[in-house]
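# Kindly generate the corresponding structure for this input.
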Amino acid sequence: QNSPLAGLADYVEFKEGDVTEGIDECEVDAVVLDMATPWVVVPLAYEALAGGGVFASFSPTIEQVMKTVYAINEHPFKDVETVELILRNITVAENKTRPQTLMIGHSGYMTTARKVLEA
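This is a model prediction of the structure:
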């Protein structure tokens, strides 16, 4: 619903289904996952991605990240990176801008990798 509002309707397609059963498309620019077992999809994502395409996966636990990165390392990806996502609100007021006292200390990890261009 938001892609038309952002002017992206001609560039983005969302699909519903069980990605572990396969990805119909090929030469896609990106595969973005938010699921319990992203490592299962890594080989399917690799096959679906265009050279230089990006794999991205959100995981709430480090164990999921480890399994996903191990699966990524079995394929010719580069620029493999995992970052922790932390939410910290800032209170903005004249002469007293500062982080809010209450902070969510951990919200999850984002792992990304780029498919190596084929020669």
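# Spell out for me which residue occupies the centre of the chain.
Centre of the chain computed as the mean C-alpha position; nearest residue by Cα atoms, centre = their mean is residue 56, 2.5 Å away.
# so what does the helix or strand hosting that one touch, helix or strand wise?
According to DSSP states H and E, residue 56 maps onto strand 49-59. Other helices and strands packing on strand 49-59, by 3 or more Cβ pairs under 8 Å, 6 or more residues apart in numbering; DSSP states H and E, are strand 28-34, helix 38-48, helix 62-72, strand 104-115. C-beta: built from backbone N, CA, C; applies to glycine.
# and of these, who's closest to residue 96?
The stretch from these with the least distance to residue 96 (Cβ to Cβ) is strand 104-115; that distance is 21.9 Å.
# What are the buried residues along that closest one?
Neighbour-count burial for strand 104-115 flags 108, 109, 110, 111, 112, 113, 114, 115 (criterion: 16 or more other Cβ atoms under 10 Å).
# Count the neighbours of the nearest residue to the last one once chain neighbours are set aside for me.
What sits nearest to residue 115 in space, not counting adjacent residues and going by Cβ to Cβ, 6 or more residues apart in numbering, is residue 49, at 4.4 Å. If you count neighbours by other Cβ atoms under 10 Å, residue 49 ends up with 24.
# quick one: pLDDT of residue 49?
Reading off the per-residue confidence, residue 49 sits at a pLDDT of 98.
# Would you mind measuring from it to residue 38?
Note on residue 49: its distance to residue 38, by Cβ to Cβ, to the nearest Å, is 14 Å.
# what's the distance between the residue of the chain most remote from its centre and residue 62?
Largest separation from the mean C-alpha position in the chain: residue 95, at 37.5 Å (Cα atoms, centre = their mean). From residue 95 across to residue 62, the span is 40 Å (Cβ to Cβ).
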